[in-house]
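Asker: Structural data only, the sequence is not supplied:
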């Protein structure tokens, strides 16, 4: 016999994810960023701040995004002057990514906004440390 929808972990996760995504989209809208733009901008910024000049494959891998979609979004971020795509001297087919000063400032502001939204969204969780452990376990599968 099938589970009732409110007894299905996958169905509940889907609904929780939708609510969380709406909250994140709401805090990113005033910054003129979509959620995926935020993820790729901040991933590039984080890699840059740790001494890396990643190519698009490295950013996609770190972010867990599709490479082709990543390329399209990175072009949009470049058009907004948030990142620079520079020819890789070792492989002229590849582009190295650097966040601009404007992009770095926006990334930091966006991270603060998203972290505040996360804190508000997850405030009712009784054991946030256990939740993080469970989410990491699921993500590592």
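Answerer: Nice, I can see it. This one's a predicted model, so the numbers in the text were calculated from it and none came from an experiment.
Asker: list the contacts for residue 110?
Answerer: 28, 31, 33, 38, 41, 42 (CB atoms under 8 Å, 6 or more residues apart in numbering). Placement of C-beta: from N, CA and C, glycine included.
Asker: Doesn't residue 12 belong to a strand?
Answerer: No - read with DSSP: H, G, I helix; E, B strand; the rest coil, residue 12 is helix and lies in no strand.
Asker: Any figure for the gap between the nearest residue to it once chain neighbours are set aside and residue 88?
Answerer: Among residues not flanking residue 12 along the chain, residue 6 sits closest, at 6.8 Å (CB to CB, 6 or more residues apart in numbering). Counting by CB to CB, to the nearest Å, the gap from residue 6 to residue 88 is 51 Å.
Asker: quick one: buried residues of the longest helix along the chain?
Answerer: Using DSSP state H, we find that the single longest helix of the chain is helix 101-122. Buried residues in helix 101-122, counted by 16 or more other CB atoms under 10 Å: 103, 104, 106, 107, 110, 113, 114, 117.
Asker: Lovely, talk soon.
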